[in-house]
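1. what follows is a predicted structure for the sequence shown.
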Amino acid sequence: MAYEITLLTTMAISILFALSLNFISGFCGQISLGHAAFLGTGAYASAMLTKSSIPFLLTLPVAAIIAGFFGFLIGLASLRVRHDFLAITTMGVGFLFVGIVRKQDFLGGELGMAGIPSPDMSRESFMVFCIILAVIFAVFSLYIRRSWMGFVFESIADNEDVTRILGIDASRFKLAAFVIGTAVAGIAGALYAHHFRYIGPDSFGFVQSVSVLAMVIVGGVGSVWGVAFAAAVLSILPLLVQFIDDYKLLFYSALLFAMMRFAPDGVAGIVQRIFGFARRGS
Amino acid sequence: MMTSAPSHTPVLQVENVTVRFGGVIAVQNVSLTINQGELVGFIGPNGAGKTTLMRVITGIVKPQEGRVLLEGRDLAKDTINERVRGGMALAQQIVQPLHELSMLDNVALACGGAKTASVINSMFYTNREQERDRARSLLERVGLGEVTNALPATLPLGYLKRLEVARAMALEPKLLLLDEPLAGLNQAEAKDLADLILTLNKGGQTILLIEHNLREVLRICPILYVQDNGVPLAFGAADMVMKNPEVRSAYLGGHA
């Protein structure tokens, strides 16, 4: 049973993390290749605080605020660079995060932080807590997509210049997407730290950023259900199949490439096509 | 200068605008006033600086000298979206529909200015019905009532040109800027769209029409502004302007 609980907790955290990137890249069309940095920011912030005996639940909003603040700064960069350049910039931010963390003794340097306290609740309750947070954010995402904020995001993802010509301050909306997405990644990071109870700079490196991007692409950019499904499956695959764990970057990169080449609209698109055909057939 | 303007309240004032790109003067000392309710045709041969002046008005290009005022307010510090909020709307020469959205939602988004003004508030609105109703009537007004649910990619250029106009009208602009709306259309389509522009103007809409299609411009615009090589040639009642020898030579290539 303990193993299943670990799997489900890992899954829920991955879903939350993937949906946070989906908010930025899927909804608002702003690519990020360094999203793991915000997972890491939240993880380190929360772990530092619980290690100084601050209750776990109180560290969640702090993790969100700190990650969201850094997200705001990256969002400012997105106002200047777009598309491929934004991808490079965010990738650089990811490397910068790892590079800085490695050198900080108070963050454990290369060795990382071990002995992170358990989150003042049983493993079962923690699993349920993670699932609830993932569900809440999934529902929030679905709601936002229906709202006028989601309407504007769709327009920005489609054509930012046209959005401005319609009198909409696209910059502010992009910043909002970055802040919300990175703040939620920070919360996912806090959960991550207290689930594994060990974090190191390599937990939040390029591989993690590519993995989460793979979840969004495989699920279907912008589709809440598709991304949640892909995150659930892809997060536990490395735990079930040793080969995938050993060759994570290879596996996720190959998957990314295959999806973009053969099914750019992801699992959500494939399902939609199957149902589309079924409807036409009937 | 003679104009048959319905009123003399200036909507747009371009005052002594000069734009240089490096050593090249693209627009030189241009002044232009458009009053409430006017339909002004802005013509000039290729390379006349029409696009540059348009970009100065929308704020994409900053002039080295001079200023642009909308209802008397200097726009120097306003970004393009702020200018649109201030009462300017643009239908672009290269049509740019939002491809993922239906024709209806393309216009509905523009109708929702009140709901998209604040990022925070935009989270709390989910209902689009009111905007869609307005969008539907706008699409009907420009003759696209039949294709409200279509995706833009499935429609011909003539439809998308009208979509640009409908989307701009959805912003309820004080000044409607039309950048070569007739370009790329055949004669019949161009005539239809020109008729629509004239109808909008008759309904009180102030319009600056930048256009290459001289035949249609002369047919619908009572006032003309002509520019060549960045230099203003003439501005006034259409018949007077077309008698101007400099304008004739610019168009016919002869010597004045």
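-> That came through, no problem.

2. can we go C-alpha only for contacts and neighbour counts from here?
-> OK.

3. so which bits of chain A are right by chain B?
-> Within reach of chain B by C-alpha under 8 Å from any C-alpha of the partner chain, chain A has these residues: A:144, A:146-152, A:154-155, A:158-159, A:162, A:164-169, A:172-173, A:176.

4. may I ask you to name the longest helix in chain B?
-> With DSSP state H applied, the helix covering the greatest number of residues in chain B is identified as helix B:187-202.

5. tell me how far it lies from the chain's centre.
-> Relative to the centre of its chain, helix B:187-202 is centred 14 Å away, using C-alpha atoms, centre = their mean, to the nearest Å.

6. tell me how far residue A:58 lies from residue B:198.
-> Applying C-alpha to C-alpha, to the nearest Å, the value for residue A:58 to residue B:198 is 64 Å.

7. same check, this time on residue A:106
-> Plainly put, residue A:106 is 71 Å away from residue B:198 if you go by C-alpha to C-alpha.

8. more neighbours: those two, which one.
-> Neighbour tally, residue A:106 and residue B:198, criterion other C-alpha atoms under 10 Å in any protein chain shown: the higher count belongs to residue B:198, 17 against 10.

9. for that one, what are its contacts?
-> B:39, B:220 (C-alpha atoms under 8 Å, 6 or more residues apart in numbering or on different chains).

10. and for stretch B:105-114, what's in contact with it?
-> Here stretch B:105-114 makes contact (C-alpha under 8 Å, 6+ apart) with A:151-152, A:166-168, B:97-98, B:128, B:131-132, B:134-135, B:139, B:163, B:166-168, B:170-171.

11. surely residue B:89 is in a helix?
-> No: assigned with DSSP: H, G, I helix; E, B strand; the rest coil, residue B:89 falls outside any helix and is strand.

12. re the thing from before, of the contacts of stretch B:105-114, buried ones?
-> Taking 16 or more other C-alpha atoms under 10 Å in any protein chain shown as the criterion, what is buried in the contacts of stretch B:105-114 is A:151-152, A:166-168, B:97-98, B:128, B:131-132, B:134-135, B:139, B:163, B:166-168, B:170-171.

13. run through the chain and note the low-pLDDT ranges.
-> Reading this off chain A. For chain A, residues meeting the criterion pLDDT under 70 lie at A:276-282.

14. please go with chain B instead
-> Applying pLDDT under 70 to chain B flags residues B:1-7, B:252-256.

15. try 50 this time
-> B:1-5, B:256 (pLDDT under 50).

16. spell out which residues of it are next to chain A.
-> So chain B meets chain A at B:80-85, B:89-90, B:96-100, B:109-110, B:113, B:115-117, B:119, B:122-127, B:167-168, B:171 (C-alpha under 8 Å from any C-alpha).

17. go through those and flag which are in strands.
-> Among the residues of chain B next to chain A, the members falling in strands are B:89, B:90 (criterion: DSSP state E).

18. which PyMOL command selects the buried ones in the residues of chain B next to chain A?
-> Per 16+ other C-alpha under 10 Å, the buried members of these correspond to this PyMOL selection:
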select buried, chain B and resi 80+81+82+83+84+85+89+90+96+97+98+100+109+110+113+115+116+119+122+123+126+167+168+171
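
19. which of the residues of chain B next to chain A fall in helices?
-> B:80-85, B:109-110, B:113, B:115-116, B:119, B:122, B:167-168.

20. list the buried residues of stretch A:46-55.
-> Neighbour-count burial for stretch A:46-55 flags A:46, A:47, A:48, A:49, A:50 (criterion: 16+ other C-alpha under 10 Å).

21. quick check: the gap between the last one and residue A:27.
-> Relative to residue A:27, residue A:50 is positioned 33 Å away (criterion: C-alpha to C-alpha).

22. can you pull out the strands in chain B?
-> Along chain B, counting by DSSP E, strands occupy B:10-21, B:24-35, B:39-43, B:65-70, B:73-74, B:88-91, B:175-179, B:207-210, B:223-228, B:231-237.

23. looking at chain B, which residue lies furthest from center?
-> residue B:124 (32.9 Å; C-alpha atoms, centre = their mean).

24. that one: what's it in contact with?
-> A:147, A:148.

25. repeat for the one 3 residues further on
-> With contact taken as C-alpha under 8 Å, 6+ apart, residue B:127 is in contact with residue A:147.

26. for it, give its distance to residue B:155.
-> Taking C-alpha to C-alpha, one finds residue B:127 at 27 Å from residue B:155.

27. same check on residue B:224?
-> Distance, residue B:224 to residue B:155, by C-alpha to C-alpha: 32 Å.

28. the two: which is more packed in?
-> A count of neighbours by other C-alpha under 10 Å puts residue B:224 above the other of residue B:224 and residue B:155, at 25 against 12.

29. beta partners of that one?
-> On the basis of DSSP bridges, residue B:224 is bridged to residue B:41, residue B:236.

30. in this structure it contacts residue B:238, no?
-> Yes: counting by C-alpha atoms under 8 Å, residue B:224 does reach residue B:238; the two are 5.2 Å apart.

31. circling back to that earlier point, so can I have a markdown table of the buried residues of stretch A:46-55 showing secondary structure?
-> Conversion of the buried residues of stretch A:46-55 to a markdown table gives the following (three-state DSSP):
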| residue | secondary structure |
| --- | --- |
| A:46 | helix |
| A:47 | helix |
| A:48 | helix |
| A:49 | helix |
| A:50 | helix |
